[in-house]
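> Coordinates for the following, if possible.
(chains A and B)
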Protein chains: 2
Amino acid sequence: MTRLDSQLAFILEIDKLKSILRQTPITGPERRRENDAEHSWHLAMMAALLAEYAPAPVDLQRVLRMLLIHDVVEIDAGDTFAYDTAGYSDKEARERLAADRLFGMLPADQASEFRDLWDEFEAVSSVESRYANALDRLQPLLLNSRTGGGSWANHRVSRAQVLTRMEPIRHGAPALWPVVEAIVADASARGWLLV
Amino acid sequence: MTRLDSQLAFILEIDKLKSILRQTPITGPERRRENDAEHSWHLAMMAALLAEYAPAPVDLQRVLRMLLIHDVVEIDAGDTFAYDTAGYSDKEARERLAADRLFGMLPADQASEFRDLWDEFEAVSSVESRYANALDRLQPLLLNSRTGGGSWANHRVSRAQVLTRMEPIRHGAPALWPVVEAIVADASARGWLLV
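The predicted structure is shown next:
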């Protein structure tokens, strides 16, 4: 297999991300569940639009690549719902195996480039990964707030659970925290969140 | 409306891209039509993976932002099928109006930043936009080749039409042209393309 063959095989393999469903609904009239490919596109757009709210200047190219690949492991590991405690117990192990297989399809230099980006996202260590993780929390909050409570209402999630889940926004995009507080207050008032 | 309010309104508005369907099927077992948000994510991933085949070094951050927004105008203008001659007659006018409205929702600096990126993509003038346009042609070719002919078979498209449609790849990613020729030859041999 040539270098180009490996790259094309990976490109076709990750098409499967379009079939991995999240709990969050899209805002369109179909009101169907969002998939990981759409979610990743939306996060990358947000990263390009909201960079001024990162806690320090970010390398946007790095953030974009990180967000584009951050959920690719879910092709093998599946999407774990944010408020599913049992699912979280083996999430890390499942996702590491997936990363080994999927990034391992690429030529060695690109395999380590994308694995490093994914590890960085998971570690929430750099300013880029703190900003990327903040957006990953904010995006479903925005969609749920526009769809009558979305995945919160379906799963009986509480106000306190949402605020805990949104905590990374305080560190990765602190200027956006008042938006979180306003949306959570509104959703609580409307009865979309358990109090 | 504050600057942040405008940015969040735009982020929610472009969620509609997830409801704009293309003719190309995804490779998953649902074999449903791909939407523009998924397509844009896939192109951005390809741009990050295939940059070595661009005709000259590209500014990847610029290419990524260009691909992420290149189809946003279709929220108002709809998707025009690549081989629909009638649809193409007023495509440009419809998309310009859409760009005015959609990018006009953003704060002035970002409105002109994204409008410029979209204009650049449409003009196919820079090395970045030539590379981005090449990927925009290659991606449905890859999906059609994995789905029994995909949108070609459904619309009785000919080998010559596909080769003409793929022409931008010669200029935007010349090293990938042999891939195009191999896929088209294979699809013709299988009877997926009219000869």
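
> Output the lowest mean pLDDT helix or strand found in chain A.
helix A:85-89 (a mean of 81; mean pLDDT, DSSP states H and E).

> now could you export just the CA positions of it as CSV?
Provided in CSV are the C-alpha atoms of helix A:85-89 (Å, rounded to 0.1, in the frame of the first residue of the first chain):
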residue,chain,number,x,y,z
THR,A,85,-22.0,7.5,34.5
ALA,A,86,-21.8,3.8,33.7
GLY,A,87,-20.7,4.5,30.1
TYR,A,88,-17.9,6.7,31.4
SER,A,89,-16.3,4.0,33.4
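
> outside of it, which residues touch it?
A:80-81 (C-beta atoms under 8 Å, 6 or more residues apart in numbering or on different chains). For every residue, glycine as well, the C-beta is placed using N, CA and C.

> Which positions in it come out as buried?
By neighbour count with 16 or more other C-beta atoms under 10 Å in any protein chain shown, helix A:85-89 contains no buried residues.

> which other helices and strands contact the helix or strand following it?
The helix or strand immediately downstream of helix A:85-89 is helix A:91-103, counting by DSSP states H and E. If contacts are counted by 3 or more C-beta pairs under 8 Å, 6 or more residues apart in numbering or on different chains; DSSP states H and E, helix A:91-103 sits against helix A:74-77, helix A:108-123.

> nearest to B:Leu143, of these?
Nearest to B:Leu143, of all those, is helix A:74-77, at 16.3 Å by C-beta to C-beta.

> Who are the packing partners of the closest one?
Using 3+ C-beta pairs under 8 Å, 6+ apart, the elements in contact with helix A:74-77 are helix A:91-103.

> longest helix anywhere in chain A?
Longest helix of chain A, by residue count under DSSP state H: helix A:127-145.

> just checking, next helix/strand downstream of that one?
Following helix A:127-145 toward the C-terminus (DSSP H and E): helix A:150-155.

> circling back to that earlier point, make JSON lines out of the helices and strands packed on helix A:91-103 and add mean pLDDT and mean neighbour count.
Below are the helices and strands packed on helix A:91-103 laid out as JSON lines (pLDDT from 0 to 100; neighbours: other C-beta atoms under 10 Å in any protein chain shown):
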{"stretch": "helix A:74-77", "mean pLDDT": "96", "mean neighbour count": "20"}
{"stretch": "helix A:108-123", "mean pLDDT": "98", "mean neighbour count": "16"}
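
> after whichever strand or helix holds A:Glu34, next one along is what?
Taking DSSP H and E as the definition, A:Glu34 sits inside strand A:33-35. Using DSSP H and E, the helix or strand that follows strand A:33-35 towards the C-terminus is helix A:36-50.

> Now stretch A:154-163: buried residues?
Buried, per 16+ other C-beta under 10 Å, within stretch A:154-163: A:157, A:159, A:161-162.

> Tell me which residue is most central in chain A.
Geometric centre of chain A, nearest residue: A:Asp136, 3.9 Å, by C-alpha atoms, centre = their mean.

> ok, the nearest residue to it once chain neighbours are set aside - contacts?
Take A:Asp136 and drop its neighbours on the chain: the residue closest to it by C-beta to C-beta, 6 or more residues apart in numbering or on different chains is A:Leu43, 6.1 Å away. Listed by C-beta under 8 Å, 6+ apart, the contact set of A:Leu43 reads A:67, A:70, A:132, A:135-136, A:139.

> next one: A:Val184
A:141, A:159, A:162-163, A:166, A:193.

> how close does the residue nearest to the centre of chain A sit to chain B?
The gap separating A:Asp136 from chain B is 14 Å, by C-beta to the nearest C-beta, to the nearest Å.

> ok, now A:Arg137?
A:Arg137 sits 14 Å away from chain B, going by C-beta to the nearest C-beta.

> That residue against A:Arg170, yeah?
No. The criterion here is C-beta atoms under 8 Å, and A:Arg137 misses it with A:Arg170 at 10.1 Å.

> Tell me which of those two has more neighbours.
A:Arg137 (19 against 14; other C-beta atoms under 10 Å in any protein chain shown).

> What does the pLDDT read for the more buried one?
A:Arg137 is assigned 98 on the pLDDT scale.

> Next: A:His155.
pLDDT, A:His155: 88.

> Now do the same contact list for the residue lying closest to it once chain neighbours are set aside.
Spatial nearest neighbour of A:His155, excluding adjacent residues (C-beta to C-beta, 6+ apart): A:Tyr83 at 6.0 Å. By C-beta under 8 Å, 6+ apart, the contact set of A:Tyr83 is A:155, A:157, A:161, A:165.

> ok, now A:Tyr131?
A:47, A:51, A:54-55, A:58, A:63, A:172-173.

> With neighbour count, distance to A:Glu30 and secondary structure as extra columns, can I get the residues you listed in a markdown table?
Putting these into a markdown table (neighbours: other C-beta atoms under 10 Å in any protein chain shown; distance: C-beta to C-beta, whole Å; DSSP: H, G, I helix; E, B strand; the rest coil) gives the following:
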| residue | neighbour count | distance to A:Glu30 | secondary structure |
| --- | --- | --- | --- |
| A:Ala47 | 26 | 26 | helix |
| A:Ala51 | 15 | 31 | helix |
| A:Ala54 | 23 | 33 | coil |
| A:Pro55 | 15 | 36 | coil |
| A:Val58 | 21 | 34 | coil |
| A:Val63 | 27 | 30 | helix |
| A:Gly172 | 25 | 31 | helix |
| A:Ala173 | 26 | 29 | coil |
